[in-house]
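**Q** Provide a 3D model corresponding to the input given below.
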Amino acid sequence: MTSVMRPRLGLLALTLAAVLTGGLLLGLSDAAGKNGLSRGSLFQKAGKGGCIVDRSTPKQGCATARALKGPGPFMGSRAIVLSPNSRNVYVASSGSDAIASFVRNRKSGNLTQRKRTKGCISAKGDNGCAKAIGLDGPNSLAVSANGRNVYATSRNSSSITVFRRNRSTGALKQLGPGSGCIADLPLPGCTSGRALGGADVVTISPDGRNVYVGSFLGSAIAIFNRDRSTGALSQPANTTGCITEALTTGCTQGLALSSPEGMAMSRDGENVFVATAVSNAVLSFSRDPSTGALTQAADGSGCIVESPLTGCTTGLSLSGANAVEVSPDDRHAYVTSLISSSLTAFERVPANGSLEQLPGAGGCVVWLGEFGCTPGRALRAPEGLALSPDGRNVYVTAFSSGSVAVMDRFASSGTVVQKAGRDGCVTVQPIAGCNAGRSLAGASSIVLSSDGRFAYLTANKSNAVAVFRRVVRN
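**A** So this is what the prediction gives:
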């Protein structure tokens, strides 16, 4: 892949110019949209409606909740999810070894935690929570399309736990022995599974037939068949049950699979895309809808890596690749990379659904800029990623910046451009040209409501969930 070579000094100057220009344009931005923000911009709700912190944390004007310590750990980019009916929000709290559950007011966007066991479920059953096996350091969540099940990966217990969701109250209950937990470690009450070492991210196929887990420490993908009636999982005993980077008995071998941290399904169910943090890569797998098995091509279309690797294509700004999401129109995918401090854009190839990085500056936005990429603000160590339901915007959470960066997306090309001025970022740090936010330290995961009117963000260091309203019209 070729890149446009620019002097580093020139890039820094361009970044500074973008910040200054944002300040000059602020007056124009203030004249458009609700609260002076342009379409797609975010503004944090005022008072207790704008943030919820663990009750052990100083309130600082926020509401409080139980089992909310360390939500969205440094490893794990999908720690917060909404139920399909948007009535509930679930948060993986690694510091609490728990999942915190909230009832969501669909009109105001406010979150409320139910009392006692309906409000949380944890490994020890403390804080008045229900008790579950295998929740040692939970970090990522997925909800089935029918709303009946919630799945959680836990890095420390190398496990995936399965919950039945009450669709009326939103309360979670772990499935019974033999069905409620699958682990790579010998955990009492859990079924033995393969390729689950340091389980990091989980996703469900659109047809509900399969669940896929990316295992950070195992450098693997675990593949499960899902009972669509009960939600129970079973792992195929043959090589279709797992893919590993190292040659492992009983598993298929994959390319550039070291430390998967992000994973997403194409909306047509034909492909699985994986971001690997140590391989510095974005992978494409073809999915067999009848079996759920995954196949990776070795002709260069199955992986895009930052450094040359036999069987892969070379890409740009993929160091520490972690979160990956697919656009609503199923035409593009986007990846955050923590070490590169970047957001990269990809197009799906019609022939096989694999990914190709967009060329030139349209293919990457980087904090402080990088050769061939567009400079971005408040993007230091990006961790999480979400697209608006209308496909107009991309939102990136940055762990070190304690921020969320706001991008405009052009559907025809897939390119993204950070909004100018204060519309482009909300941060807890004093970053020039950004709006100020609360309880955003260690910003990690982000999710939008199905109507696109609200965004919810986990902040690991703040022990918090921040609530934003999204401007849906000018």
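**Q** residue ranges in the stretch 201-350 of the chain under the pLDDT threshold?
**A** For the stretch 201-350 of the chain, no stretch has pLDDT under 70.
**Q** I figured R78 hits E383, correct?
**A** No - assessed by CB atoms under 8 Å, R78 is found out of contact with E383, at 10.1 Å. Any C-beta I mention is one placed from the backbone N, CA and C, and that applies to glycine too.
**Q** and for those two, which residues touch both?
**A** 323, 445 (CB atoms under 8 Å, 6 or more residues apart in numbering).
**Q** now Q253. Nearest residue, chain neighbours left out?
**A** L247 (5.2 Å; CB to CB, 6 or more residues apart in numbering).
**Q** ok, L217 - contacts?
**A** Counted by CB under 8 Å, 6+ apart, L217 has contacts 155, 158, 197-198, 259.
**Q** ok, now how distant is the nearest residue to D288 once chain neighbours are set aside from L283?
**A** In space, and not counting its chain neighbours, D288 is closest to T295: 7.3 Å by CB to CB, 6+ apart. Per CB to CB, to the nearest Å, T295 is found 12 Å from L283.
**Q** which one's more surrounded, the two?
**A** Counted by other CB atoms under 10 Å, T295 and L283 do not tie: L283 has more neighbours, with 30 against 14.
**Q** got the phi and psi for that one?
**A** phi -110, psi 150 (degrees, to the nearest 10).
**Q** so it makes contact with S259?
**A** No - using CB under 8 Å, L283 is not in contact with S259; the gap is 11.8 Å.
**Q** what touches both of these two?
**A** Overlap between the contact sets of L283 and S259, as judged by CB under 8 Å, 6+ apart, is given by T276.
**Q** hey, where'd the helices end up in the protein?
**A** In the chain, the segments counted as helices under DSSP state H are 8-30.
**Q** what is the burial count for S412?
**A** Residues within reach of S412, counting by other CB under 10 Å, total 7.
**Q** which parts of stretch 164-182 are buried?
**A** 164-165, 170-172, 174-175, 179-182 (16 or more other CB atoms under 10 Å).
**Q** what of stretch 45-57?
**A** Result for stretch 45-57 [16+ other CB under 10 Å]: buried residues 45, 48-55, 57.
**Q** swap in stretch 350-364?
**A** For stretch 350-364, the neighbour count (16+ other CB under 10 Å) marks 353-358, 360-364 as buried.
**Q** same check, this time on stretch 78-93
**A** 78-84, 86-93.
**Q** any idea how far it is from the chain center?
**A** Taking CA atoms, centre = their mean, to the nearest Å, one finds the center of stretch 78-93 at 12 Å from the center of the full chain.
**Q** now swap in stretch 414-426 and tell me
**A** 19 Å.
**Q** ok, stretch 213-231 next?
**A** Computed by CA atoms, centre = their mean, the chain-centroid distance of stretch 213-231 equals 17 Å.
**Q** between the two ends of it, how far is it?
**A** 15 Å (CA to CA, to the nearest Å).
**Q** ok, stretch 301-316 next?
**A** Start-to-end, stretch 301-316 (CA to CA) is 15 Å.
**Q** before we move on, what about stretch 362-375?
**A** One end of stretch 362-375 sits 11 Å from the other (CA to CA).
**Q** next: stretch 228-237.
**A** Taking CA to CA, stretch 228-237 runs 20 Å from one end to the other.
**Q** OK, contacts around V143?
**A** By CB under 8 Å, 6+ apart, the contact set of V143 is 81-84, 90, 149-151, 165, 204.
**Q** quick one on the thing from earlier: please report how far the residue nearest to D288 lies from R287.
**A** Distance, T295 to R287, by CB to CB: 8 Å.
**Q** for the buried residues of stretch 350-364, name the two members farthest from one another.
**A** Pairwise distances across the buried residues of stretch 350-364 (CB to CB) peak at 25.3 Å, for the pair G353 and A361.
**Q** ok, the nearest residue to G95 once chain neighbours are set aside - contacts?
**A** In space, G95 comes closest to G70 once its chain neighbours are excluded; the distance is 2.7 Å by CB to CB, 6+ apart. Residues counted as contacts of G70 (CB under 8 Å, 6+ apart) are 93-96, 460, 463.
**Q** got the contact list for L338?
**A** By CB under 8 Å, 6+ apart, the contact set of L338 is 277, 319-322, 381-383, 399.
**Q** near the residue nearest to it when sequence neighbours are not counted, how many other residues are there?
**A** Once flanking residues are discounted, L338 sits nearest to G320: 3.8 Å by CB to CB, 6+ apart. Per other CB under 10 Å, the neighbour tally for G320 reads 22.
**Q** in this structure G320 contacts A275, no?
**A** No - here G320 does not reach A275: they are 9.2 Å apart, not a contact under CB under 8 Å.
**Q** any shared contact partners between the two?
**A** In contact with both G320 and A275: S337, using CB under 8 Å, 6+ apart.
**Q** what segments of the stretch 301-450 of the chain are strands?
**A** In the stretch 301-450 of the chain, the strands defined using DSSP state E, counting those that start in this stretch lie at 312-314, 321-326, 332-337, 342-348, 355-357, 364-367, 374-376, 382-387, 393-398, 403-409, 416-418, 425-427, 435-436, 443-448.
**Q** the last one vs strand 393-398, what angle?
**A** Same thing as strand 443-448. Angle of strand 443-448 versus strand 393-398, following axes from the mean of the first three to the mean of the last three CA atoms, to 10 degrees, is 160 degrees.
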